[in-house]
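In: following is a predicted model, sequence given first.
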Amino acid sequence: MKQEINHENRNHAKLSASGSSRWINCPGSVKAEEGYPRTETEFSREGTLAHELADTCFKKGKDADYFIGKRITGEIISKDMARYVQEYLDYVRSHETKDSLFFGEAQVDFSHVVPEGFGTLDNAVLIPSERICHIFDLKYGAGVLVSAFENTQGQLYALGILNELGWLGDIDKFRIHIFQPRKENISYWDITVEELNQFAEYVEERAALALAEDAPRIPGEKQCEWCMDKANCKALAKFTDDIVRAAFDETDEDEKPKFKKPSKLSDKQKKLILDNKDLIIDFFNSIEKDIYDRLITGGEFKGMKLVYGKSYRVFKTGAEKKLVKLLGKDAYEKKLIGITEAEKKLGKKKMAKLTNKPLGKLTMVRSTDPRKAVVVEDIADNFEDMDDEL
Ligand code: SF4
């Protein structure tokens, strides 16, 4: 059954759900970002379109391939986008039951906890008989892997749902799902209503701090990643400087920094560097972007210039028709259809016999990661156990 929460259109919230991991972890970022224009990028436009497609499919009760080649909000839907969005649709729909209530893209209000706080959730499925509410977040980006674990955006949406649907006293917990098809990442995490109320108390304090004049700037990987003030933030520069210094020997006569040998670093220093590796790289990248932006807008930067990079030949517009005329069917390559498409044609049962899920590449993560640690002695056996043949 489809349910409405609130479709009123409001402008961007100062303390938004989507930006919550930033202002919760670095309250000073709200003031730091003031005055920066909100620019659209190719990636953000693509993400918006994928969300529009998913929403349209839910509203019209269609599958995504119905829209291939058609326009949604002026943009043509590609095969690739339809495939990824279909995976999301299938995932959300698989959670619906006879008695579930479905919520489409809608604004939820959590201003009882965060001043003027609201956000737009992608989808939710409430199942009264199981006393659970699923919250789904489609992440279309193919860059950074997003985890549902303690996800503040999802928790704020949950608070918004609780706020708007007072009769939710009938449920015990929320399950927050992150669905990131281009990273093959599905992650979910449960939070009880009681734990959510504890989060509300914490977030209320952080929101008050974020709106204070002297809100502190606290650098960290999560919060700095998308902060618009990154290239100019003194707190981040100092933080990076402290860590990088630990990795350098004294600079030589030519002022060239010399890295210490890893064997000369203590485990504590190694941990500090590793914990902040992405943040440091990100900081350097933001400096690079800052200089690039200066050059591309006609400015100068001593020692740097813009050049054209390496490029590859591409077909001219209209070349496809000509190729077909010249080569006939040899103009195209045959390709095996994808697993999702094959599953549509054959069904899950048959596909289970034709597919397996290989072990992922061994990856080093922080010990707080919820995944089970690999037992090194078992690695060889685990790979041997996998049968790739039919
Ligand atoms: S760059 Fe990092 S430390 Fe500086 S304001 Fe932004 S989030 Fe805070």
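Out: Thanks, I have the structure now. Numbering: from 1, shown residues only.
In: every contact and neighbour count from this point should use C-alpha atoms.
Out: Fine.
In: tell me the confidence at the closest residue to residue 47 other than its chain neighbours?
Out: With CA to CA, 6 or more residues apart in numbering as the criterion, residue 47 has its nearest non-adjacent residue at 5.4 Å, and that residue is residue 140. Note on residue 140: pLDDT of 95.
In: ok, now which ones touch residue 140?
Out: Shown in contact with residue 140 (CA atoms under 8 Å, 6 or more residues apart in numbering): 46-47, 50, 180-182.
In: list just the nearest of these to residue 196.
Out: Nearest to residue 196 among the contacts of residue 140: residue 180, at 24.0 Å, using CA to CA.
In: who does the closest one bridge with?
Out: Per DSSP bridges, the residues bridged to residue 180 are residue 185.
In: contact partners for it?
Out: Applying CA under 8 Å, 6+ apart, one finds that residue 180 lies in contact with 138-142, 145-146, 186.
In: could you rerun that using 7 Å?
Out: 138-140, 186 (CA atoms under 7 Å, 6 or more residues apart in numbering).
In: who in the stretch 1-150 of the chain is up against the ligand?
Out: Listed as neighbours of the ligand in the stretch 1-150 of the chain under the rule CA under 6 Å from any ligand atom: 22, 26, 28-29, 32.
In: show the buried residues in these.
Out: The neighbour count (16 or more other CA atoms under 10 Å) marks 22, 26, 28-29, 32 as buried among those.
In: columns pLDDT and secondary structure on top of those residues, output as JSON lines?
Out: Formatted as JSON lines, those follow (pLDDT from 0 to 100; DSSP: H, G, I helix; E, B strand; the rest coil):
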{"residue": "22", "pLDDT": "95", "secondary structure": "helix"}
{"residue": "26", "pLDDT": "97", "secondary structure": "coil"}
{"residue": "28", "pLDDT": "96", "secondary structure": "coil"}
{"residue": "29", "pLDDT": "96", "secondary structure": "helix"}
{"residue": "32", "pLDDT": "94", "secondary structure": "helix"}
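In: you'd agree residue 33 is up against residue 228?
Out: Yes. Counting by CA atoms under 7 Å, residue 33 touches residue 228, with 5.8 Å between them.
In: show me which of those two is the more surrounded one.
Out: Higher neighbour count among residue 33 and residue 228: residue 228, with 18 against 14, using other CA atoms under 10 Å.
In: local confidence estimate at that one?
Out: The score at residue 228 is 91. That number is its pLDDT.
In: how about the helices in the stretch 51-200 of the chain?
Out: Using DSSP state H, counting those that start in this stretch, the helices found in the stretch 51-200 of the chain span residues 79-93, 152-164, 193-210.
In: just name the most buried of the ones you listed.
Out: helix 152-164 (a mean of 23; mean count of other CA atoms under 10 Å).
In: can you check which of the helices of the stretch 51-200 of the chain gets nearest to residue 329?
Out: Judged by CA to CA, the one of those that comes nearest to residue 329 is helix 79-93, at 21.0 Å.
In: ok, now which ones touch the closest residue to the ligand within the stretch 51-200 of the chain?
Out: The ligand sits closest to residue 152 of the stretch 51-200 of the chain, with a gap of 15.4 Å, by CA to the nearest ligand atom. Neighbouring residues of residue 152 by CA under 7 Å, 6+ apart: 20-21.
In: ok, residue 207 - contacts?
Out: Going by CA under 7 Å, 6+ apart, residue 207 touches 24, 114.
In: so how far is residue 22 from it?
Out: 11 Å (CA to CA, to the nearest Å).
In: what's the answer for residue 92, then?
Out: Relative to residue 22, residue 92 is positioned 27 Å away (CA to CA).
In: likewise for residue 138?
Out: From residue 138 to residue 22 the distance is 19 Å (CA to CA).
In: hey, where'd the strands end up in this structure?
Out: Along the chain, counting by DSSP state E, strands occupy 2-3, 71-72, 75-76, 101-103, 106-109, 118-121, 123-127, 132-138, 173-180, 185-192, 248-249, 258-259.
In: mean pLDDT lowest where, among those strands?
Out: strand 2-3 (a mean of 57).
In: any idea how far stretch 214-234 is from the middle of the chain?
Out: Relative to its chain's centre, stretch 214-234 lies at 18 Å (CA atoms, centre = their mean, to the nearest Å).
In: number of residues surrounding residue 173?
Out: Residues near residue 173, counting by other CA under 10 Å, number 19.
In: now it: closest residue in space, sequence neighbours ignored.
Out: According to CA to CA, 6+ apart, the nearest residue to residue 173 is residue 192 (4.1 Å).
In: tell me the contacts of that neighbour?
Out: By CA under 7 Å, 6+ apart, residue 192 lies in contact with 172-174.
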